[in-house]
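Chemist: Got a sequence here, can you build the structure:
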Amino acid sequence: MSELIKKLNWRYATKRMNGQTIPQEKLDNILEAIKLAPSSVGLQPYNIVIVEDKALKDKIYHEAATRQAQIPDASHLLIFAAWEKLTSQHVEDYIKFFAQTRNVSVESLAGFHSSINGGILSRSEDVNFDWSARQAYIALGHGLVAAAIEEVDATPMEGFDAAKVDEILGLREKGLRSVVILALGYRDAEKDPYANAKKVRRPHEELFISI
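Modeler: Residues are numbered from 1 along each chain as shown. Okay, here's the model as predicted:
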């Protein structure tokens, strides 16, 4: 069994955390993995808000997250927030950054620029928000795997009032809407009945279809 598979077997959706702080190096590695996640046309139409402040975690816990125990006891909460509205300025900035990063001219990217405008900006705001949210989930997946490799517990969470989280963190003013939370920390094995539970996964032959 590879080391990666061992780490993925070790991880689980932790229900109770012990409040211990993640070392900065481990957090940085998880964030770097999230940054390196692929996204459609490379646009990364989302931001990740890092919440470490205890008062903010408690406020989210009491007012927006149906009192899920991971929230106040996590070391950090990562709030994956999709861009509420994709604009031509987003695309312009991305094209300039792309050209700078790869040391090419903006003019040489005219076809790429045009394809983004025609294929993405031509769609409705609702369609683009859903698309942005799906891109954020790809980044979430990278974060989950990276956390496992670092032996940091991580729980993806959708059971929260997104509008309330947006209000608490001032996300709408930034053009963002929360879509999923990743709670990071360390398991409290004595209080979490699932800490040593066997994984329940469909067998290989039922899950995968070879054609």
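Chemist: Tell me the bridge partners for Pro156.
Modeler: Note on Pro156: beta-bridge partners by DSSP bridges are Leu182.
Chemist: need the contact list for it.
Modeler: Contact analysis of Pro156 by Cβ atoms under 8 Å, 6 or more residues apart in numbering lists 13, 140, 144, 180-182. The C-beta positions use only the backbone N, C-alpha and C, and glycine is treated the same way.
Chemist: what about it, distance to Ala139?
Modeler: Note on Pro156: its distance to Ala139, by Cβ to Cβ, to the nearest Å, is 11 Å.
Chemist: again, but for Gly170
Modeler: Per Cβ to Cβ, Gly170 is found 21 Å from Ala139.
Chemist: How many neighbouring residues does Tyr137 have?
Modeler: 15 (other Cβ atoms under 10 Å).
Chemist: what's it sitting at in phi/psi?
Modeler: When read as degrees, to the nearest 10, the backbone of Tyr137 gives phi -70, psi -30.
Chemist: Kindly report the same for Tyr94.
Modeler: Torsion angles at Tyr94 (phi, psi; degrees, to the nearest 10) stand at phi -70, psi -40.
Chemist: what residues are up against the residue most central in space within the chain?
Modeler: Residue closest to the mean C-alpha point of the chain, counted by Cα atoms, centre = their mean, is Leu140 at 3.3 Å. Residues counted as contacts of Leu140 (Cβ under 8 Å, 6+ apart) are 34, 80, 156, 180, 182.
Chemist: ok, now His113?
Modeler: So His113 contacts 91, 95 (Cβ under 8 Å, 6+ apart).
Chemist: Please tell me how far it sits from Ala82.
Modeler: If you go by Cβ to Cβ, the gap between His113 and Ala82 works out to 22 Å.
Chemist: Only whichever of the contacts of Leu140 are buried, select them in ChimeraX.
Modeler: Those of the contacts of Leu140 that count as buried under 16 or more other Cβ atoms under 10 Å are selected in ChimeraX with:
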select :34,80,156,180,182
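Chemist: I'm done for today, thanks for sticking with me.
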